[in-house]
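Student: got a predicted model here, sequence first, then my questions.
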Amino acid sequence: MDQGQRASADFEAVDYPDRRRWEVHSSGEVVAYAEYRLMPGRIVFTHTVVEPAHEGHGVGSRLARTVLDDAVARGLRITPRCPFIRAYIQRHPEYMPSVDMPERH
C-alpha cells in the first residue's frame, strides 16, 4: 500500500492529488471526502463531506485522523479552514504543534 492510501476491513482512504481531496471508499463507492489545497510546506483543508447514510459511524473522524496523520508525517503545516477538521483538531490537541488556526470570519 502506498503513502497516499490507508485501509482497514471496511474503510479505505485514498489521496487523489489531481482532485485535491482524500476519498473514503466503501463497497466501491465514495462515502466521504476531505478537500484540500496544497502549497509549499502547507496543506489547507477546505471542505469535508460524509454521505448521510454513513454519518454517526466514525467515518468522518477516521478520515480526519488519516489526513492529519499524513500531513504531520509529511512535515506540512496544517490550516484547517473546514469546520469539521478544525473541530477534530480541537478535540485532539496532539495535532496543534503542526496547526495554524485560521481566523474566523
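Tutor: Yes, it's here.
Student: hmm, who's touching the lengthiest helix in the chain?
Tutor: Scanning the chain for the helix with the most residues, using DSSP state H, yields helix 59-73. Defining contact as Cβ atoms under 8 Å, 6 or more residues apart in numbering, one finds that helix 59-73 is touched by 3-4, 6, 11, 13, 15, 22, 24, 26, 31-34, 36, 43, 45, 48, 50, 78, 84-85, 88-89, 92, 95, 98. Yep, even glycine has a C-beta here, placed from its N, CA and C like the rest.
Student: in strands only, show me the residues you listed.
Tutor: In strands, defined here by DSSP state E, the members of the contacts of helix 59-73 are 6, 11, 13, 15, 22, 24, 26, 31-34, 36, 43, 45, 48, 50, 78.
Student: out of those residues, which are buried?
Tutor: 6, 11, 13, 15, 22, 24, 26, 31-34, 36, 43, 45, 48, 50, 78 (16 or more other Cβ atoms under 10 Å).
Student: tell me which residues in the longest helix of the chain are buried?
Tutor: Buried residues in helix 59-73 (16+ other Cβ under 10 Å): 59, 60, 62, 63, 64, 65, 66, 67, 68, 70, 71, 72.
Student: what's the angle from it to strand 21-26?
Tutor: Going by axes from the mean of the first three to the mean of the last three Cα atoms, to 10 degrees, helix 59-73 is angled at 140 degrees with respect to strand 21-26.
Student: helix 59-73 relative to strand 11-16, how many degrees between them?
Tutor: Put simply, helix 59-73 runs at 50 degrees to strand 11-16, going by the same axes, to 10 degrees.
Student: which residues touch residue 98?
Tutor: 68, 71, 72, 76, 77, 78.
Student: circling back: and the longest helix of the chain, how far from the chain's centre?
Tutor: Here helix 59-73 is found 5 Å from its chain centre; the criterion is Cα atoms, centre = their mean, to the nearest Å.
Student: run through the protein and note the low-pLDDT ranges.
Tutor: 1-10, 103-105 (pLDDT under 70).
Student: run the last query once more with 80
Tutor: Applying pLDDT under 80 to the chain picks out residues 1-11, 101-105.
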